[in-house]
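Chemist: please work out how this folds:
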Amino acid sequence: MKLSDFDYKLPHGLIAQKPEKRRDQSRLLVLGRGTGNICYKHFYDILDYLKSGDVLVLNNSKVIAARLEGSKEITGGKVEVLLDTPVSDYRWLVLGRGLTSGSRIKFSNSILTCAVEKKVGDRYQALFNISSEEFDCEIDRIGGVPLPQYIKEVKSEKLKVKSIGDYLKERYQTVYARERGSVAAPTAGLHFTEELLKKIKSRGVEIKHLTLHVGSGTFLPVKNDKIEDHKMHREHFSIDAKTYEDIILAKKEGRRIIAVGTTSARVLETVVSNPSRKYPPFGRDLASPIRRAGEPNESTKLRINSGITGIDTKKLKSYNLKPSDVISGWTDIFIYPGYEFKVVDGLITNFHLPKSTLLMLISAFTGRENVTNAYKEAIKKKYRFYSFGDAMLII
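Modeler: Numbers count the residues shown, from 1 in each chain. The predicted structure follows:
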């Protein structure tokens, strides 16, 4: 398929620069997955589209304060370091302009320093002087939220808040975020409030959590004119055995699985429904063919770790999973039109950038024509786009 098939023109004024005052007051475009029918709602109206027995799957990854300002020790030149992927306790893959192998960076008003060791693809490997909890506390103190480039800096007085940094750390985060590791928010979840989640649960909807840490690669544009040639970035995920089993059971019973965000959808399609093998993996370290639409990729692995308790062993016995297992690994699954979804029945998502892999995923889910028409209508109705923008429910 051609990259140009996923292009569209968006008036600059429709790019949301800040979130709504109340999360669930954002607008909601409801798109019939099979019919293409469109309804215009607000996000709190999502209650009208969920029913008892549905399973709502949330990504509980937490955005870290990954944007660090510093300077080179020798020259004093200013640099900005963006944490991307942890390699070990002390090492991270990072991004940043002006970085060079061999340079040492010190960070403003902090004990934190790092040595840039080598180039790894389009990133650098950096060795930091502290690790674990001390590192987390320090970046929380000195770091900033790594907002996408299309969101410009908003001054605190315009939002009537004391600190724009603290405000963004709260609002560029889901209310159910728990597991540290993302450098970008799983934005579909930004619309939920704790009150709305309670109402959803009271309707008989099961709420499940998994984790996919969103990397900076989520913002990388597709450059290949033939999208099938695109190489997807890798992101780390985990899902505990009880969640896995509950979703398998719900699917067998014909209940709807509704993914909150493309991140949740990618994990579900990776782990639960891989088209070319049976899951869960029968072993402790198996190659998982999850690159794109059934095409194998030898570099991607799944592993099973212990750490979860309280699971019905009888249910899990047939799947060869232990009650304490957590399935985790790296996924670079690339979903585009032609892919057949095996798990996801409904999808909550934001409005995505032109030519993005996220736009290709939702086009695979409901059809490119449906997406094109929905985006045209959203632009006409002046819906707000991208990370802080409005939402879609495709069901």
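Chemist: the nearest residue to S103 once chain neighbours are set aside: what secondary structure?
Modeler: In space, S103 comes closest to V116 once its chain neighbours are excluded; the distance is 4.9 Å by C-beta to C-beta, 6 or more residues apart in numbering. From N, CA and C alone the C-beta is placed, and that goes for glycine too. Under DSSP: H, G, I helix; E, B strand; the rest coil, the three-state class of V116 is strand.
Chemist: how much space between V116 and V344?
Modeler: Applying C-beta to C-beta, to the nearest Å, the value for V116 to V344 is 40 Å.
Chemist: with E253 instead?
Modeler: For E253, the distance to V344 - C-beta to C-beta - is 16 Å.
Chemist: neighbour count: the two, which is higher?
Modeler: Neighbour totals were compared for E253 and V344, and V344 leads with 23 against 8 (other C-beta atoms under 10 Å).
Chemist: residues contacting that one?
Modeler: The contact partners of V344, by C-beta atoms under 8 Å, 6 or more residues apart in numbering, come to 257-259, 265, 268-269, 365.
Chemist: filter the residues you listed down to the ones in helices?
Modeler: Among those, the members falling in helices (DSSP state H) are 265, 268-269, 365.
Chemist: hang on, the earlier thing: okay, and the beta partners of the residue nearest to S103?
Modeler: Beta-bridge pairing for V116 (DSSP bridges): A126.
Chemist: from what I can see it touches Y124, true?
Modeler: Yes: using C-beta atoms under 8 Å, V116 is in contact with Y124, at 5.2 Å.
Chemist: what is in contact with the two at once?
Modeler: With C-beta under 8 Å, 6+ apart as the test, V116 and Y124 both reach 94, 99, 101.
Chemist: by neighbours, which of the contacts of V344 wins?
Modeler: A265 (31 neighbours).
Chemist: pLDDT score assigned to it?
Modeler: At A265, the pLDDT value in this model is 97.
Chemist: the nearest residue to it once chain neighbours are set aside pairs with what?
Modeler: Distances taken as C-beta to C-beta, 6+ apart place A259 nearest to A265, at 4.0 Å, with adjacent residues excluded. Listed by DSSP bridges, the beta-bridge partners for A259 are V57, L347.
Chemist: low-confidence stretches in the stretch 201-350 of the chain?
Modeler: 273-324 (pLDDT under 70).
Chemist: repeat that with 80
Modeler: For the stretch 201-350 of the chain, the stretches flagged by pLDDT under 80 are 219-221, 272-324.
Chemist: counting neighbours, which bits of stretch 246-256 end up buried?
Modeler: Within stretch 246-256, the residues scored as buried using 16 or more other C-beta atoms under 10 Å are 246-248, 250-251, 255-256.
Chemist: next: stretch 86-102.
Modeler: Across stretch 86-102, burial judged by 16+ other C-beta under 10 Å covers 86, 90-96, 99.
Chemist: again with stretch 228-245
Modeler: 230, 232-245.
Chemist: can you give me the end-to-end distance of that stretch?
Modeler: Start and end residues of stretch 228-245 are separated by 32 Å (C-alpha to C-alpha, to the nearest Å).
Chemist: off-centre distance for it?
Modeler: Distance of stretch 228-245 from the chain centroid (C-alpha atoms, centre = their mean, to the nearest Å) equals 10 Å.
Chemist: surely T357 touches V222?
Modeler: Yes: contact criterion C-beta under 8 Å: T357 and V222 qualify, at 6.2 Å.
Chemist: touching both of these two, which residues are there?
Modeler: Counting by C-beta under 8 Å, 6+ apart, the shared contacts of T357 and V222 are H230.
Chemist: higher neighbour count, those two?
Modeler: Shown here are T357 and V222; by other C-beta under 10 Å, T357 has more neighbours (24 against 21).
Chemist: how about the strands in the stretch 251-395 of the chain?
Modeler: Taking DSSP state E, counting those that start in this stretch as the test, the strands found in the stretch 251-395 of the chain are 257-260, 285-287, 301-306, 325-331, 346-350, 391-394.
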